[in-house]
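K.L.:
have a look; sequence and predicted model below, questions after that.
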Amino acid sequence: QQQVKQSPQSLIVQKGGISIINCAYENTAFDYFPWYQQFPGKGPALLIAIRPDVSEKKEGRFTISFNKSAKQFSLHIMDSQPGDSATYFCAANGNSGYSTLTFGKGTMLLVSP
Amino acid sequence: ETGVTQSPTHLIKTRGQQVTLRCSSQSGHNTVSWYQQALGQGPQFIFQYYREEENGRGNFPPRFSGLQFPNYSSELNVNALELDDSALYLCASSLKGRDEQYFGPGTRLTVT
């Protein structure tokens, strides 16, 4: 059972455009929703995270929008740059007793110059 | 850089063999989690260690085992390797009670 569904699988955006990646979750016990960025041959790097008590969080060019009733959250990358080309993973955490992340399958983003 | 280090970087093993992967957590972090990332997939939780004990486990068989040492570093051991064990193995360090997890660069394991 896939508890976090991510779309699209791949995305091509022109330089300066807005990249939007969406995730949906099923488990209402989840209470922490991070996004990770992964470059080829590297481990995932924590980009930005949100909790369900807020609907939006912005850090620089990266914004998370969160819709608790729809059980959906999304990552928006403003003014996308070629250096943003990477694979992005959404994740969720909320198991009681210990902290573990459930990841989506990833979105490969290519920002064309 | 997260300060989480893993060794070795790459490893090639034969089916049926055993392998040990190592992880040093970020300074100040007392919890280590291990994940398996198959090609083209998101990381999958294997288990977590805190205070040198397994603190939670994902859907992985017992031939996946681990250790945590007093300095919070950790090992992942896999016995009786199978071809499907070929993946990037990631360790993530965190502070107990905090949600943020910081990943190392991973160990790429190839089983032939």
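P.N.:
Here it is on my side, so go on.

K.L.:
could you report the pLDDT at whatever residue of chain A ends up closest to chain B?
P.N.:
Chain B sits closest to residue A:103 of chain A, with a gap of 3.2 Å, by C-beta to the nearest C-beta. Yep, even glycine has a C-beta here, placed from its N, CA and C like the rest. On pLDDT, residue A:103 comes in at 96.

K.L.:
which elements pack onto the worst-scoring helix or strand of chain B on mean pLDDT?
P.N.:
Within chain B, confidence by mean pLDDT, DSSP states H and E is lowest for strand B:53-57 among all helices and strands, at a mean of 91. If you count contacts as 3 or more C-beta pairs under 8 Å, 6 or more residues apart in numbering or on different chains; DSSP states H and E, strand B:53-57 packs onto strand B:44-50.

K.L.:
what helices or strands is the strand it packs on leaning on?
P.N.:
Using 3+ C-beta pairs under 8 Å, 6+ apart, strand B:44-50 sits against strand A:101-103, strand B:31-37, strand B:53-57, strand B:64-68.

K.L.:
contacts for the second one next, please.
P.N.:
Pointing back at strand B:31-37 there. Applying C-beta atoms under 8 Å, 6 or more residues apart in numbering or on different chains, the contact partners of strand B:31-37 are A:99-101, B:23, B:25, B:43-50, B:55, B:60, B:66, B:68, B:72-74, B:76, B:87-96, B:101, B:103, B:106.

K.L.:
ok, the residue in chain B positioned nearest to chain A - contacts?
P.N.:
Closest residue of chain B to chain A, C-beta to the nearest C-beta: residue B:42 (3.2 Å). Residues counted as contacts of residue B:42 (C-beta under 8 Å, 6+ apart) are A:6, A:89, A:91, A:103-106.

K.L.:
can you tell me which of the residues you listed is nearest residue A:55?
P.N.:
Nearest to residue A:55 among these: residue A:91, at 18.8 Å, using C-beta to C-beta.

K.L.:
follow-up on the earlier one: which of the contacts of strand B:31-37 count as buried?
P.N.:
Buried subset of the contacts of strand B:31-37 (neighbour count, 16 or more other C-beta atoms under 10 Å in any protein chain shown): A:99-101, B:23, B:25, B:43-50, B:55, B:66, B:68, B:72-74, B:76, B:87-95, B:101, B:103, B:106.

K.L.:
what separation is there between the residue nearest the centre of chain B and residue A:54?
P.N.:
Centroid check for chain B by C-alpha atoms, centre = their mean gives residue B:34 as the closest residue, at 3.3 Å. Distance of residue B:34 to residue A:54, given as C-beta to C-beta, to the nearest Å: 31 Å.
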